[in-house]
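> Here is a sequence together with a model predicted from it:
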Amino acid sequence: MSFFVDTHTHSEFSPDSKTTVGDLLLRAKSTGAGGICLTDHLDLDAPRNPGLFEFNIDFQQKEIKEKNHQIFPDGGCKVLKGIEIGLTPENLEHSRGFISGHYFDQIIASIHFVDGEDPYYGNYYEGKNFRQAYSRVLQLIFETARDFGDFDVIGHFDYVARYAPYEVKDIRYKDFPDEMDTLLRFLAENGKALEINTKTYDYHGSHLQVLDEDILRRFKELGGEFVTLASDSHEESRLCDKFGKFAQLCAGCGFPRLTYFEGRSPRLYSPK
């Protein structure tokens with residue numbers, strides 16, 4: 001068995017998952033995972049359904065604590081409390097207030113909605129070529145992360161390409177060097193982590209997305225230290241999916257040790 005910490009998972013506290021906290025922890029136990037961070041969705045003021053991506057943090061964390069004690073009474077797996085905050089320029093203060101007073105091991109900052117549209121539904125891409133569509137999102141990731149500040153990991157920076165209608169379905173450093181440098185330099189200089197989200201590379205449409213290794217190498221050149229592996233699982237079967245493959249890729253790009261966060265502090269570990 002391999003030792004990995006899955007830093008991005010969803011349970012029934014996310015509206016797009018039916019997997020229970022217990023299911024996730026039992027899966028972690030059966031696979032020998034070294035750790036799991038539960039990071040349910042918080043997307044305040046979401047288009048189409050403003051209250052959909054909210055959850056009761058107290059209830060969720062109570063459930064995590066209870067199931068952890070039941071399934072791992074003697075330890076053996078790090079069970080961490082996290083959250084994935086979907087940022088927009090309009091919801092930064094609302095998001096700060098919502099999470100205030102709560103304990104988290106890790107906070108992921110993500111972009112799910114762009115200029116009032118969710119790329120998942122396709123409308124966002126209308127009237128744009130791939131450069132315009134991807135560049136706008138990379139710019140927005142940097143701006144909202146910079147302005148929000150209170151986070152540890154940038155989630156799925158290439159989310160926008162998952163559902164894109166273009167022939168170019170990968171975000172490549174050579175196409176967006178300025179945008180990527182701005183984002184990666186910000187992460188490196190502020191001790192933030194870049195997430196490798198294996199769900200992004202599991203969409204088998206006309207093209208299977210590929211992680212551009214040049215992005216990882218450039219992050220290293222700019223002083224980046226922290227890379228997390230994330231399944232973004234919404235069902236327990238995907239926990240730590242393809243982590244062995246991507247751990248090797250990260251090592252080849254200068255990151256032999258991976259990262260998880262505990263008490264909002266980075267912890268480096270060597271997968272084995």
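Alright, I've got the coordinates.

> CA atoms for contacts and neighbours, from now on please.
Fine.

> From the chain's centroid, how far away is stretch 143-158?
Relative to its chain's centre, stretch 143-158 lies at 10 Å (CA atoms, centre = their mean, to the nearest Å).

> Pull that stretch out as PDB, backbone CA atoms only.
Taking C-alpha atoms only, stretch 143-158 is exported to PDB below (Å, rounded to 0.1, in the frame of the first residue of the first chain):
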ATOM      1  CA  GLU A 143      -7.000  38.400  -8.300                       C
ATOM      2  CA  THR A 144      -9.500  36.700  -6.000                       C
ATOM      3  CA  ALA A 145      -6.800  34.700  -4.200                       C
ATOM      4  CA  ARG A 146      -4.700  37.800  -3.700                       C
ATOM      5  CA  ASP A 147      -7.700  39.800  -2.400                       C
ATOM      6  CA  PHE A 148      -9.000  37.000  -0.200                       C
ATOM      7  CA  GLY A 149      -5.700  35.900   1.200                       C
ATOM      8  CA  ASP A 150      -6.900  33.500   3.800                       C
ATOM      9  CA  PHE A 151      -6.300  30.200   2.100                       C
ATOM     10  CA  ASP A 152      -3.600  27.500   1.800                       C
ATOM     11  CA  VAL A 153      -4.100  25.800  -1.600                       C
ATOM     12  CA  ILE A 154      -5.200  27.000  -5.100                       C
ATOM     13  CA  GLY A 155      -7.700  24.300  -6.300                       C
ATOM     14  CA  HIS A 156      -7.800  22.900  -9.800                       C
ATOM     15  CA  PHE A 157      -6.300  25.900 -11.700                       C
ATOM     16  CA  ASP A 158      -7.300  24.200 -14.900                       C
END
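
> Spell out the residue ranges of the helices in the protein.
Remark: helices assigned in the chain by DSSP state H are 21-31, 57-71, 92-99, 130-148, 177-189, 213-221, 243-252.

> Redo the ones you listed as CSV? Include mean neighbour count, distance to residue 46 and mean pLDDT.
Shown next, in CSV, are those (neighbours: other CA atoms under 10 Å; distance: least, CA to CA, whole Å; pLDDT from 0 to 100):
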stretch, mean neighbour count, distance to residue 46, mean pLDDT
helix 21-31, 19, 24, 97
helix 57-71, 16, 18, 98
helix 92-99, 14, 12, 97
helix 130-148, 18, 15, 98
helix 177-189, 18, 24, 98
helix 213-221, 18, 30, 98
helix 243-252, 16, 31, 96
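
> Sounds good, over and out.
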